[in-house]
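A.B. asks: Got a predicted structure here, sequence first:
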Amino acid sequence: MTPVTESGGHPIRYRDITGTAYGMWRCSVCGELGRLHAALPRACPDCGSPREALYYWAED
Ligand SMILES: [Zn+2]
């Protein structure tokens, strides 16, 4: 698994679920992991942290 963050100016390497890998997101505050459907949720459903606390998680 490769964590992909939005910080540091790195482009988001999000692959659509129709590709070989499906996207997930992860909360940097509580560690909640969720399936990524179209985009990041507006806030973490577990701890309520804003979207800025969430980052893309690519699972190969
Ligand atoms: Zn959270």
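C.D. replies: Happy to help now that I have it.
A.B. asks: Which residue ranges of this structure form strands?
C.D. replies: Counting by DSSP state E, the chain has strands at residues 2-3, 22-27, 33-35, 54-59.
A.B. asks: Mean neighbour count and mean pLDDT added to these, as JSON lines?
C.D. replies: C-beta: built from backbone N, CA, C; applies to glycine. Listed next are the strands of the chain as JSON lines, based on neighbours: other C-beta atoms under 10 Å; pLDDT from 0 to 100:
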{"stretch": "strand 2-3", "mean neighbour count": "10", "mean pLDDT": "60"}
{"stretch": "strand 22-27", "mean neighbour count": "20", "mean pLDDT": "84"}
{"stretch": "strand 33-35", "mean neighbour count": "13", "mean pLDDT": "91"}
{"stretch": "strand 54-59", "mean neighbour count": "18", "mean pLDDT": "84"}
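A.B. asks: wait, which of these is closest to Pro45?
C.D. replies: The closest of these to Pro45 is strand 33-35. By C-beta to C-beta, the value is 7.2 Å.
A.B. asks: Sketch out the low-pLDDT regions of this protein for me.
C.D. replies: Residues of the chain meeting the criterion pLDDT under 70: 1-22, 59-60.
A.B. asks: What parts of it come near the ion?
C.D. replies: Residues of the chain that fall close to the ion, judged by C-beta under 5 Å from the ion: Cys27, Val29, Cys30, Glu32, Cys44, Asp46, Cys47, Ser49.
A.B. asks: and which of the residues you listed is nearest Ala38?
C.D. replies: For those, the nearest to Ala38 is Cys44 (16.8 Å; C-beta to C-beta).
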